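Q: Structure for this input, please:
(one chain, ligands or ions: 1)
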Amino acid sequence: MALSNPSGTRQRPGFPAKLESRTESVPAARPAIKVRQLADQRQAIHVVHGVGLDSSAVRQNMVAKLAQQGMSIPAVLQAMGSIERHRFVDTALVNQAYEDTSLPIGLGQTISKPGVVCRMLELLHQGRPGRLGRVLEIGTGCGYQAALLSLLCTEVYSIERLRGLHDKARDNLRHLRLANVHLLFGDGTPGYARGAPYAGIIAAAGGEAVPQAWIDQLAVGGRLVAPVSAGAANAGKQVLLVIDKTPQAVVQTVMEGVYFVPLKSGIA
Ligand code: SAH
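A: Numbers count the residues shown, from 1 in each chain. Predicted coordinates:
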């Protein structure tokens with residue numbers, strides 16, 4: 001329950017009521033002051049929204065835009081509307097948290113824009129109604145996508161190779177108390193065999209190819225979504241790859257072009 005809006009939506013209707021009572025208390029003979037006071041009030045409310053004390057309206061607006069872009073899986077859209085993205089970025093960037101833009105999260109890494117996160121989650125979820133089983137995320141970053149996954153999957157194993165971001169994700173996720181998210185510090189290139197097989201694998205960093213270990217750790221019936229290099233002919237470009245493991249074969253589907261941080265080996 002705390003996930004949907006820890007700050008409590010019930011406070012919102014109080015704002016206009018307070019504005020009206022203020023307006024009435026201003027003497028009618030001084031309309032100029034009345035207007036200025038109203039403007040000040042509105043500014044104050046805006047600041048309150050800005051620091052995220054009540055961000056649910058602005059988040060619903062983001063979800064409406066995602067739906068306009070063609071996102072359509074209710075569980076995914078609901079998760080996007082529940083998790084407070086502004087809690088995962090630095091204070092200076094809070095005002096941009098619900099714009100469709102990627103944002104820096106430190107150590108040269110970025111949190112993907114909501115449209116891309118939502119698209120990847122929809123691809124992971126597509127054709128498999130209900131909660132997904134165990135999912136592996138490569139590249140925890142600030143922990144935002146792990147929080148979304150926690151609402152869509154039974155268990156989330158999320159690996160990050162940078163100690164600073166692993167720690168940051170732990171801090172960012174603490175308030176949500178997500179018992180089904182397991183944050184791991186390490187190189188995700190070999191996957192995480194102890195949690196395998198996975199119903200889903202999702203990578204937030206792109207390499208030259210999808211490591212064989214990830215495909216091996218995918219359950220039959222499972223799906224992997226990852227950015228990969230678009231090949232030598234398209235140097236520097238990446239595409240989103242969907243890999244389905246069926247009882248008969250491993251089926252790869254190339255989706256649209258994307259831009260993700262590189263998948264790197266080792267830890268730092
Ligand atoms: N899903 C994240 C996005 C983080 S950006 C979020 O919601 O914030 C991608 C992350 O992948 C970076 O933090 C980067 O350090 C990490 N990464 C890159 N190569 C990796 C690897 N081999 N193993 C684990 N993490 C890796």
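Q: From Asn180, how far off is Lys168?
A: Distance of Lys168 to Asn180, given as Cβ to Cβ, to the nearest Å: 20 Å. Glycine gets a C-beta too; all of them are placed from N, C-alpha and C.
Q: How about Asp216?
A: Applying Cβ to Cβ to Asp216 and Asn180 gives a distance of 24 Å.
Q: need the contact list for the most centrally placed residue in the chain.
A: Nearest to the geometric centre of the chain sits Gln145, at 3.8 Å (Cα atoms, centre = their mean). Applying Cβ atoms under 8 Å, 6 or more residues apart in numbering to Gln145 gives the contacts 112, 117, 120-121, 137, 202, 204.
Q: cool, and Tyr192?
A: For Tyr192, counting by Cβ under 8 Å, 6+ apart, the contacting residues are 136, 157, 159, 184, 186, 217.
Q: Can you get me a residue count around Ala64?
A: Neighbourhood size, Ala64 [other Cβ atoms under 10 Å]: 11.
Q: And for Leu240?
A: 21.
Q: ok now do it, which residues does it touch?
A: Counted by Cβ under 8 Å, 6+ apart, Leu240 has contacts 119-120, 123, 225-227, 254-258.
Q: at 7 Å what do you get?
A: For Leu240, the contacting residues are 225, 227, 255-256, 258, by Cβ atoms under 7 Å, 6 or more residues apart in numbering.
Q: Up against the ligand, what does the stretch 51-200 of the chain have?
A: Applying Cβ under 6 Å from any ligand atom, we find that the stretch 51-200 of the chain lies next to the ligand at 105, 109-112, 138-139, 141-142, 144-145, 159-162, 165, 187-189.
Q: Among those residues, which ones are in helices?
A: Of the positions in these, 144-145, 165 sit in helices, assigned by DSSP state H.
Q: Can you tell me which of the contacts of Leu240 is closest to the ligand?
A: Pro227 (9.8 Å; Cβ to the nearest ligand atom).
Q: so who does that closest one touch?
A: Counted by Cβ under 7 Å, 6+ apart, Pro227 has contacts 203, 206, 238, 240, 258, 260.
Q: let's see it at 10 Å
A: Residues in contact with Pro227 (Cβ atoms under 10 Å, 6 or more residues apart in numbering) are 112, 116, 120, 203-207, 210, 238-241, 255, 257-263.
Q: go on, Val250?
A: 210, 215-216, 218, 224, 243-244.
Q: Report the beta-bridge partners for it.
A: Residues in a beta bridge with Val250, per DSSP bridges, are Lys245.
Q: For it, give its distance to the ligand.
A: Look at Val250 and the ligand: by Cβ to the nearest ligand atom, to the nearest Å, they are 21 Å apart.
Q: avg pLDDT for the biggest strand by length in the chain?
A: Counting residues, the longest strand found in the chain (DSSP state E) is strand 218-229. Across strand 218-229, the average pLDDT comes to 98.
Q: Check stretch 123-136 too.
A: 96.
Q: residues of that stretch that come out buried?
A: For stretch 123-136, a neighbour-count test (16 or more other Cβ atoms under 10 Å) marks 123-125, 132-136 as buried.
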